[in-house]
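here's my sequence, what's the structure:
(one chain, ligands or ions: 1)
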Amino acid sequence: MDGNRRWVANTLQHPDRDPTRREMLTAGQQPYAAVLSCIDSRVPPELVFDTGLGELFVMRSGGVAVGPVITGSVEYGPMTSGTPLIVVLGHQRCGAISAAYRALREGKPLPGNLQAIMKALHPAYERTMGQSSGDPAEAMARAHVKMTANALRGNRDLAPLVAQGTLAVVSAYYSLGTGRVEILNGAPAA
Ligand SMILES: [Zn+2]
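Below is the predicted model:
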């Protein structure tokens, strides 16, 4: 979050991006967080958190849709090397979420493998359907990352780590215009 404040304020430090850091990391890595975010070109986690080499595991998918390979990739750090934080990062005006929202509302499948993204986003659509206020696709984007973080926090492999207090799973939302990341749920008590 300190890095995101620097991104918002345009006071970037570009930490850990030099040859010394690169060479040091050949011996191994110990990232402090795993970020699951969207493929959107406007939301690269390493930039919006002002991080460098060896700091984040990053997994990205359209609309932050999840499936076994993606979930396994997010779990890799926490399960094998004690990565203490997972951030599920949604964002404003997500094209994948908007396309899935329209397809679900109109009952029309998306072409090819895009349909798998739509299916993965269906629970968030169901959750937000019928909400009267606000933009339905934005509500769906927020609901989706909250539900995804909740599911990770409660799953068989990660729940014990959360119960021990060695892992936190947080959902968050990125605003395109300001660059600000807002925590939605799961932040550990200070
Ligand atoms: Zn997106």
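
switch to C-alpha atoms for all contacts and neighbour counts from now on
OK.

okay, now the residue of the chain found nearest the ion: neighbour count?
Of all residues in the chain, Cys94 sits closest to the ion, with a separation of 3.7 Å (C-alpha to the ion). Using other C-alpha atoms under 10 Å as the criterion, Cys94 is surrounded by 19 other residues.

go on, Glu126?
By the criterion of other C-alpha under 10 Å, Glu126 has 12 neighbours.

which SS state does it fall under?
For Glu126, the secondary-structure state derived from DSSP: H, G, I helix; E, B strand; the rest coil is helix.

same check on Val170?
When classified by three-state DSSP, Val170 comes out as strand.

can you tell me the closest non-neighbouring residue to it?
Gly186 (4.4 Å; C-alpha to C-alpha, 6 or more residues apart in numbering).

follow-up on the earlier one: roughly how far apart are the residue of the chain closest to the ion and Gly62?
For Cys94, the distance to Gly62 equals 9 Å [C-alpha to C-alpha, to the nearest Å].

shared neighbours, these two?
Asp40 (C-alpha atoms under 8 Å, 6 or more residues apart in numbering).

contacting residues around the residue of the chain closest to the ion?
Contacts for Cys94 (C-alpha under 8 Å, 6+ apart) come out as 40, 63, 138, 141.

farthest pair in these?
Asp40 and Glu138 (15.0 Å; C-alpha to C-alpha).

buried ones in stretch 171-179?
Within stretch 171-179, the residues that count as buried by 16 or more other C-alpha atoms under 10 Å are 171-174, 179.

export those residues to TSV and tack on distance to Arg22?
Supplementary listing: these in TSV, determined by distance: C-alpha to C-alpha, whole Å:
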residue	distance to Arg22
Ser171	30
Ala172	29
Tyr173	30
Tyr174	28
Gly179	27
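
got a list of contacts for the longest helix along the chain?
Ranked by residue count, the top helix of the chain under DSSP state H comes out as helix 136-154. Judged by C-alpha under 8 Å, 6+ apart, the contacts made with helix 136-154 from elsewhere in the structure are 63-64, 66, 87-94, 97-98, 101, 121, 123-125, 127-129, 158-159, 162, 168-173, 184-186.

do the same with stretch 173-189
Contact with stretch 173-189 is made by 1, 4-5, 7-8, 42-43, 48, 89-93, 142, 146, 149-150, 168-172, as judged by C-alpha under 8 Å, 6+ apart.

can you show me the CA trace of it as PDB?
Taking C-alpha atoms only, stretch 173-189 is exported to PDB below (Å, rounded to 0.1, in the frame of the first residue of the first chain):
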ATOM      1  CA  TYR A 173     -10.200  -2.500  -6.200                       C
ATOM      2  CA  TYR A 174      -8.200  -0.200  -8.500                       C
ATOM      3  CA  SER A 175      -9.500   3.100  -9.800                       C
ATOM      4  CA  LEU A 176      -8.100   3.800 -13.300                       C
ATOM      5  CA  GLY A 177      -8.200   7.600 -13.000                       C
ATOM      6  CA  THR A 178      -6.600   8.100  -9.600                       C
ATOM      7  CA  GLY A 179      -4.500   5.000  -9.500                       C
ATOM      8  CA  ARG A 180      -5.600   4.300  -6.000                       C
ATOM      9  CA  VAL A 181      -6.100   0.800  -4.600                       C
ATOM     10  CA  GLU A 182      -8.900   0.500  -2.100                       C
ATOM     11  CA  ILE A 183      -9.000  -2.500   0.200                       C
ATOM     12  CA  LEU A 184     -12.500  -4.100   0.100                       C
ATOM     13  CA  ASN A 185     -12.300  -7.000   2.600                       C
ATOM     14  CA  GLY A 186     -10.000  -9.300   4.500                       C
ATOM     15  CA  ALA A 187      -7.400  -6.800   5.800                       C
ATOM     16  CA  PRO A 188      -5.900  -8.200   9.000                       C
ATOM     17  CA  ALA A 189      -6.500  -6.200  12.200                       C
END
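
I'm done for today, thanks for sticking with me.
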